[in-house]
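In: Need coordinates for the following:
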Amino acid sequence: MVRKYTSHFIISLTIIAFMAIGCSSGPPERMTLEKAKAPEWVVKGGGAKEDSNGRAFYGVGSASGIKNFSLQRTAADDRARNDIAKVFEFYTKSLTKDYQASTTAGDFKASSEEQNVESAIKTVTSATLSGVQIIDHWEHPYRNEMFSLARLDLEKFKENLDRYKELSEAVRNAVKQRADKLHEEMEGEVLKKDNR
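Out: Purely as a prediction, here's the structure:
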């Protein structure tokens, strides 16, 4: 009889010990980017800055949970390119509002109207994507996440824009000037964040 109670007692203690071990371990600590020693570009994200090769726009993309390494890298690269394209698409939508014009010379019945809204958006986005280069990768060591850094050289972007003849020269020149201004504004925002 004592033996029966002893075996029940030992089994109960074993169960309690396993429960205590399971409860005390808890979820694993989350490995942040800073703790994983991520490069500065991963932590800060995209933006505009001047580097040793000139002025440029940067985009950062990431992909996680994909077992196929090539597919994960391609997805991260595409998201980095898209990060840059989104900035220019938003920027171009506001820019093109300036180029919806109606001109009247003398007789108010005869007017000339010009609209480059859709054409400029498509053109600037195409020019952006054709000049983007993936310049760096970083893989988070603990959470199966790949990061990609895309770079768009500002001068190359302006050169690419000249290839698109469906935009008038005036619109192309204005887009180039505004791209310079956008770069300055974005670089200023990056500097503000750095000084906080």
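In: so where does Asp180 fall, helix or strand?
Out: In this structure, Asp180 is located in helix 169-194 according to DSSP states H and E.
In: Tell me which other helices or strands that helix touches.
Out: Judged by 3 or more Cβ pairs under 8 Å, 6 or more residues apart in numbering; DSSP states H and E, the packing partners of helix 169-194 are strand 47-51, strand 54-64, helix 69-96, helix 117-131, helix 154-161. C-beta here means a position set from N, CA and C on the backbone, and glycine is covered the same way.
In: Confidence-wise, which of those is weakest overall?
Out: If the helices and strands packed on helix 169-194 are sorted by mean pLDDT, helix 117-131 sits at the bottom with a mean of 66.
In: Of all the helices and strands packed on helix 169-194, which one is nearest Leu167?
Out: Closest approach to Leu167 among the helices and strands packed on helix 169-194 (Cβ to Cβ): helix 117-131, 5.6 Å.
In: Would you mind putting the CA coordinates of the helix or strand following the closest one into CSV?
Out: Sequence-wise, the next helix or strand beyond helix 117-131 is strand 132-140, with elements assigned using DSSP H and E. Listed in CSV are the C-alpha atoms of strand 132-140, where the atom choice follows Å, rounded to 0.1, in the frame of the first residue of the first chain:
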residue,chain,number,x,y,z
VAL,A,132,16.9,51.6,-59.3
GLN,A,133,19.7,49.4,-58.2
ILE,A,134,19.7,46.9,-55.3
ILE,A,135,23.0,47.8,-53.4
ASP,A,136,22.8,45.8,-50.2
HIS,A,137,21.1,42.9,-48.3
TRP,A,138,20.9,41.9,-44.7
GLU,A,139,19.3,38.8,-43.2
HIS,A,140,18.0,39.0,-39.6
